[in-house]
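> Okay, structure incoming, though there's no sequence with it:
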């Protein structure tokens, strides 16, 4: 999707891909297949690149420092990206700059989790490995010391957090350039199912204007203080008592910003490309009153193409975005966007199409 | 741009390209470099393709018939495409189905041009070689028998046409699928400079509704009668006496439809892909009150990238589409789209950006 956004500007990508089957490798011309964890692979790949950016956060921080030392611009740079790689570093830094987070601390062992619970409102407690989590993986909600044993088995530091009493999840998406220019997308509502993002509504319905502004300012402040270049997604809890607390950070175009492909004047992908190249940023404002994104998860049928017929015929305004991935049950293989003036209608259309593609709706 | 539109649907292209530097070859992964005039090249290329389509009309009709005989779906097929390849065939066919055209006939030599002039309102007369014309090439406006000598030198049949007294040029863009589903984009105004499309305004300002409807119906009828599959652009003259006459046909996404990338619910490229695959077509209606496209021609400076800075900073809503071509004076190397509620503003912004990229505006 970033390649797609680069084409109109004449921006050509060279891709380092795990396998020749990766989504991006199917559409980018210049592909090197290699392991992003291997420094020499990265160095050989980076030669001749004007700038390096990412579609995930897993490239080791120390390797990115080595590339920077070689003179290759890395955007976002390792000193920013580490906050999206390591939840312990992220929490410490957000505390230091006064950004509200759930109560948290690094815990040593299951007994320490019991102490952490006692320091606040007791169990349940959320435990997260500081590195390697994704889409609900690396996250546990525990009620007892016994249940708290699992997260420690990986040998990675474990972060304990209060289980926040939230009314819903929001996301504040911003983009920042090396020049320091920044733009904020409208704050969206993000609905999760089994820890995986299911639906995003832009803008978040019935969101108090001052709270929306506070969330946008928070995201812009994080981007500035952490020196982010490119897209920053700040996943937030809206609490029952009217606060917003930071849940997670992502420094790349993010699922909570996919609506912008069809719903904003400039998509998150186009603005990420512009930021990474230090070009002036595009207008992030919405083009429609409501835009809804629903993720398409894999179902029992490996072929989704034949479902296009029904979906497209039923809704000529539907926007389908598939990633070329093999369909496996529960795997994110694409998303759909819909937009319009009537939120119920827009939601229905997106849900129907995503369900039909997955195979859970058959008419 | 067709590749760009295919990415979200997971449609993968295999490209036959004249050179590795062609615009499409820079962004498509699977490129075969070869000569589209050579049947064996075409045959080897076509093996394994689900369907063949085009971004120009120059593949010889008889080669396309051979591919069809091999069992490869060609869309649009040769029997339709010949009308966009041969202006003589096109005029004869439009006459036969009663579509209004400028007065015309095939002429044998310069003396015959004098007779053609005398049959109507006299000189000037427009002469066109029936094959191979493009962007004003292969077209002559002549005032005398002496001036009429040039077009006959190529040894290609020459079509004479009255020089229409038109108030402006319009274009009716439609897309048709093998199923026979068809959609019509709003009729646009197309302004030419030196025979090359300069500006397109969607929809055509102050166009009488019944005339717009007549133009759309005419384009839909041509698509149906000629068996067009994919995008059909019908370039029209709006005459001083309130008629619309067909000037040219193009059977591929067309310059007069580029506005739809940012101005329509479904772009001409997305709908061309959908038609060629016999998928249901997307909604062609505009997303903005006015959308303007201005072509970017090459100027004296080979580097347009540095001009992005000023253009993007000045207009955060600007949409730039560059083709990755070497910049040569007068060559179409890209276009810009703008949209909004105020036509003067939308026109100004597009003209400024295109002029700044070309280097004819410097502030």
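Right, received. Where do you want to start? Since the structure is predicted, the reported quantities are computational estimates derived from the model, not experimental observations.

> Downstream of the helix or strand encompassing residue A:224, the next helix or strand is which one?
Using DSSP states H and E, residue A:224 sits in helix A:209-225. Toward the C-terminus, helix A:209-225 is succeeded by strand A:230-239 as the next helix or strand (DSSP H and E).

> and after that next one, which helix or strand comes next?
Past strand A:230-239, the next helix or strand by DSSP H and E is strand A:244-250.

> elements contacting that following strand?
helix A:78-85, helix A:87-96, strand A:166-176, helix A:209-225, strand A:230-239 (3 or more C-beta pairs under 8 Å, 6 or more residues apart in numbering or on different chains; DSSP states H and E). C-beta here means a position set from N, CA and C on the backbone, and glycine is covered the same way.

> looking at these, which is closest to residue B:112?
strand A:166-176 (64.1 Å; C-beta to C-beta).

> just checking, what packs against that closest one?
Packing partners of strand A:166-176 (3+ C-beta pairs under 8 Å, 6+ apart): strand A:182-184, strand A:188-193, helix A:209-225, strand A:230-239, strand A:244-250, helix A:268-276.

> so where's chain A shaky on pLDDT?
For chain A, applying pLDDT under 70 flags the ranges A:133-136.

> and it, which residues reach chain B?
Counting by C-beta under 8 Å from any C-beta of the partner chain, chain A comes close to chain B at A:1, A:3-4, A:7-10, A:12, A:26-29, A:31, A:265-266, A:274, A:279-283, A:287, A:305, A:308-309, A:312-313, A:316-324, A:334.

> mind listing which of those are in strands?
Among the residues of chain A next to chain B, the members found in strands (DSSP state E) are A:31, A:319-322, A:334.

> Residue B:171: which of those residues is nearest?
Of those, the one sitting nearest to residue B:171 (C-beta to C-beta) turns out to be residue A:319, at 25.4 Å.

> Who does that closest one form a beta bridge with?
Residue A:319 forms beta bridges with residue A:337, as assigned by DSSP bridges.

> Pull the contacting residues for it.
For residue A:319, the contacting residues are A:261-262, A:336-338, B:8, by C-beta atoms under 8 Å, 6 or more residues apart in numbering or on different chains.

> Equivalent analysis for residue A:203, please.
Residues counted as contacts of residue A:203 (C-beta under 8 Å, 6+ apart) are A:186-188, A:212, A:286, A:290.

> ditto for residue A:312
Contacts of residue A:312 by C-beta under 8 Å, 6+ apart are A:318, A:320, B:274, B:279-282.

> rerun that using 7 Å as the cut-off
A:318, B:279-280, B:282 (C-beta atoms under 7 Å, 6 or more residues apart in numbering or on different chains).

> okay, these in JSON lines with neighbour count next?
Shown next, in JSON lines, are the contacts of residue A:312 (neighbours: other C-beta atoms under 10 Å in any protein chain shown):
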{"residue": "A:318", "neighbour count": "23"}
{"residue": "B:279", "neighbour count": "22"}
{"residue": "B:280", "neighbour count": "20"}
{"residue": "B:282", "neighbour count": "24"}
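
> which one of the residues you listed sits closest to residue B:117?
Looking across those and measuring by C-beta to C-beta, the closest to residue B:117 is residue B:282, at 46.2 Å.

> Is there a neighbour count for the residue nearest to the closest one when sequence neighbours are not counted? I'd like the number.
Nearest non-adjacent residue to residue B:282, counting by C-beta to C-beta, 6 or more residues apart in numbering or on different chains: residue B:266, 2.8 Å away. Using other C-beta atoms under 10 Å in any protein chain shown, residue B:266 has 24 other residues around it.

> Identify the farthest-apart pair in the ones in strands among the residues of chain A next to chain B.
A:31 and A:319, at 26.3 Å, using C-beta to C-beta across those.

> Just send the helices and strands packed on strand A:244-250 back as TSV, with distance to residue A:350 too.
Below are those laid out as TSV (distance: least, C-beta to C-beta, whole Å):
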stretch	distance to residue A:350
helix A:78-85	28
helix A:87-96	31
strand A:166-176	17
helix A:209-225	22
strand A:230-239	20
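
> Of all those, which one is nearest residue B:296?
Proximity to residue B:296 (C-beta to C-beta) singles out strand A:166-176 among those, at 25.3 Å.

> For residue A:243, give me its contacts.
Residues near residue A:243 by C-beta under 7 Å, 6+ apart: residue A:100.

> Skipping its backbone neighbours, what lies nearest residue A:330 in space?
Distances taken as C-beta to C-beta, 6+ apart place residue A:297 nearest to residue A:330, at 5.5 Å, with adjacent residues excluded.

> Tell me the secondary structure at the one you found.
strand (DSSP: H, G, I helix; E, B strand; the rest coil).

> what sits against it?
A:330-333, A:358.

> still on that earlier bit, which strands and helices sit next to the helix holding residue A:224?
The helices and strands touching helix A:209-225, judged by 3 or more C-beta pairs under 7 Å, 6 or more residues apart in numbering or on different chains; DSSP states H and E, are strand A:166-176, strand A:182-184, strand A:230-239, strand A:244-250.

> For residue A:78, which of the ones you listed is the nearest?
Across the helices and strands packed on helix A:209-225, residue A:78 has its closest neighbour in strand A:230-239 (13.2 Å, C-beta to C-beta).

> re the thing from before, quick check: phi and psi at the residue nearest to residue B:282.
When quoted as degrees, to the nearest 10, the phi and psi of residue B:266 stand at phi -120, psi 130.

> got the contact list for it?
With contacts defined as C-beta under 7 Å, 6+ apart, residue B:266 is in contact with B:282-284.

> 8 Å - rerun?
Residue B:266 neighbours (C-beta under 8 Å, 6+ apart): A:316-317, B:183, B:260, B:274, B:281-284.

> Quick one: buried ones out of those residues?
Neighbour-count burial (16 or more other C-beta atoms under 10 Å in any protein chain shown) is assigned, among the contacts of residue B:266, to A:316-317, B:183, B:260, B:274, B:281-282, B:284.

> Now, these that are in helices?
B:260, B:274 (DSSP state H).

> I'd like the buried ones among the contacts of residue B:266 as JSON lines, with distance to residue A:42 appended.
Output for the buried ones among the contacts of residue B:266, formatted as JSON lines (distance: C-beta to C-beta, whole Å):
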{"residue": "A:316", "distance to residue A:42": "45"}
{"residue": "A:317", "distance to residue A:42": "42"}
{"residue": "B:183", "distance to residue A:42": "47"}
{"residue": "B:260", "distance to residue A:42": "41"}
{"residue": "B:274", "distance to residue A:42": "40"}
{"residue": "B:281", "distance to residue A:42": "45"}
{"residue": "B:282", "distance to residue A:42": "41"}
{"residue": "B:284", "distance to residue A:42": "45"}
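
> Closest one of the buried ones among the contacts of residue B:266 to residue A:108?
Each of those was checked against residue A:108 using C-beta to C-beta; the closest is residue A:317, at 54.1 Å.

> which residue packs closest to the closest one, ignoring adjacent ones?
Using C-beta to C-beta, 6+ apart, the nearest residue to residue A:317 is residue B:283, at 4.8 Å.

> gap between that neighbour and residue B:93?
30 Å (C-beta to C-beta, to the nearest Å).

> just residue A:280 next, same as before
50 Å.

> and if you look at residue A:154?
Following C-beta to C-beta, the distance that separates residue A:154 from residue B:93 is 72 Å.

> Give me the more crowded residue out of these two.
Using other C-beta under 10 Å, the more surrounded residue of residue A:154 and residue B:93 is residue B:93, with 17 against 12.

> returning to that earlier point: can you list the buried residues in the helix holding residue A:224?
Using 16+ other C-beta under 10 Å as the test for burial, helix A:209-225 gives A:211-212, A:214-216, A:218-223, A:225.
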